[in-house]
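In: A predicted structure for the sequence below; I have some questions about it.
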Amino acid sequence: MKPIQKATLVGIITIVVYLLVVVITTPALEPLAAISAAFQINSIVIFGMGIGIGLQVFLSEKSKLLGCTLKIKKKALSGNSGSVVTTSFFSFFSLVPLGCCGWWLYVLSLLPSVAGVGVSAVLIEYSQVLAYVGLGIIFGFAGLTALKLKKEIKLQKIL
């Protein structure tokens, strides 16, 4: 599979999985209503995760085609996975007041016993900002991979 095709497929899968979690954790709303609410509140996060992960996959596949051995590749992919999970986690908090992701209310109720009341309050209050920070990390890893790939291509041309 070509890098652009694989990246597009992985980006779409990322978005579909996010929306699937929204639908599964929102039994009180019809699936289309839950998806609509998710897009109204978190469209930047939803598309950002799809694009960011797709970009990382594209860069990784491109480096394989060029025969590059990017040492950052595995770290970036695992870092991106962690960032996607974290970004998704925080973005779901913003959907709870709309009736979406009711299961997350249960998670939120357990949060003070795990993280403490102060930390829980900050996480809930700034969940949207934290989701955007997670997106920044996703794109940061993709940027680092792009720089590393560019450097590796230059090195190959010299040799």
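Out: Happy to help now that I have it.

In: Could you say which helix or strand holds the residue nearest to the spatial centre of the chain?
Out: The residue lying closest to the centre of the chain (C-alpha atoms, centre = their mean) is Val84, at 2.7 Å. Using DSSP states H and E, Val84 maps to helix 72-93.

In: buried stuff in stretch 18-37?
Out: Using 16 or more other C-beta atoms under 10 Å as the test for burial, stretch 18-37 gives Tyr18, Leu19, Val21, Val22, Val23, Thr25, Thr26, Leu29, Ala34, Ile35, Ala37. For the C-beta atoms, the positions are set from N, CA and C on the backbone; glycine is no exception.

In: circling back to that earlier point, next up, the contacts around the nearest residue in space to the residue nearest to the centre of the chain that is not next to it in sequence.
Out: Nearest residue to Val84, sequence neighbours excluded (C-beta to C-beta, 6 or more residues apart in numbering): Met49, at 5.6 Å. Met49 is in contact with Thr14, Ile15, Tyr18, Val84, Thr87, Ser88, Leu135, Ile138, counting by C-beta atoms under 8 Å, 6 or more residues apart in numbering.

In: Try it again at 7 Å.
Out: Residues counted as contacts of Met49 (C-beta atoms under 7 Å, 6 or more residues apart in numbering) are Thr14, Tyr18, Val84, Thr87, Leu135, Ile138.

In: ok, longest helix in this structure?
Out: If you go by DSSP state H, the chain has its longest helix at helix 31-66.

In: lowest average confidence, helix or strand, in this protein?
Out: The weakest-scoring helix or strand in the chain, judged by mean pLDDT, DSSP states H and E, is helix 72-93 (a mean of 64).
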